[in-house]
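Asks: The following comprises the amino acid sequence and a computationally predicted model.
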Amino acid sequence: MRHVLSLSALLSIFWLVNSGHYTPLLLSLMVVSVFSVAALCHYMDVVDGESQPLYLTFTLPGYLLWLFKEVVLANIAVARCVWLGKESTSPCVITVSAHQKTDLGIVIYANSITLTPGTVSIDLEGNQILVHALTGEAADDLLSGEMDRRVCRVEG
């Protein structure tokens, strides 16, 4: 039931942020809509710990801020490679281990690698992620394990 309540709260916040109108009519429509969606999801039994991971509520925002910083730095590095030409790149394919406990944690890690410019997750088999890196520096950053450790902290 707490997952349904969490879903209801998130849907309400999403509605309020995107609406920008707080008239009684629209607020009552929000309540009806959120209640209908939450009841339907509960009836279909699709709201659980996997689809509504409550444990990420407090740890994910800090990780996303760190990831945003890393994306900006990686963008600068890729732009530098573009300006300096072919000689500044050293493409390589590496394998990194994912130490996360859940499938969701591994997906967050693999997607974070792909979101960071200059690296792309190519394949995932078990807890091994095959990654293409534009430069050796980008590969070394991944091999240092900082992103892996941070995703493990998000997981709890």
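Replies: Yep, it's here.
Asks: Please make it C-alpha for all contacts and neighbour counts, starting now.
Replies: Fine.
Asks: Which residue is the nearest non-sequential neighbour of the residue nearest the centre of the chain?
Replies: Central residue of the chain (Cα atoms, centre = their mean): Ile108, 4.9 Å from the mean position. Take Ile108 and drop its neighbours on the chain: the residue closest to it by Cα to Cα, 6 or more residues apart in numbering is Val151, 7.2 Å away.
Asks: For Gln128, give the beta-bridge partners.
Replies: Ser97, Glu125 (DSSP bridges).
Asks: ok, how many other residues are close to it?
Replies: Counted by other Cα atoms under 10 Å, the residues lying close to Gln128 total 15.
Asks: Equivalent analysis for the one 10 residues further on, please.
Replies: Using other Cα under 10 Å, the number of residues around Ala138 comes to 21.
Asks: Next up, the contacts around Val120.
Replies: Neighbouring residues of Val120 by Cα atoms under 8 Å, 6 or more residues apart in numbering: Ile113, Thr114, Val131, His132, Ala133.
Asks: Reformat those residues as CSV; add distance to Lys101.
Replies: Formatted as CSV, these follow (distance: Cα to Cα, whole Å):
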residue, distance to Lys101
Ile113, 18
Thr114, 20
Val131, 20
His132, 24
Ala133, 25
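Asks: contact partners of stretch 28-38?
Replies: With contact meaning Cα under 8 Å, 6+ apart, stretch 28-38 is reached by Val4, Leu5, Leu7, Ser8, Leu11, Ser12, Trp15.
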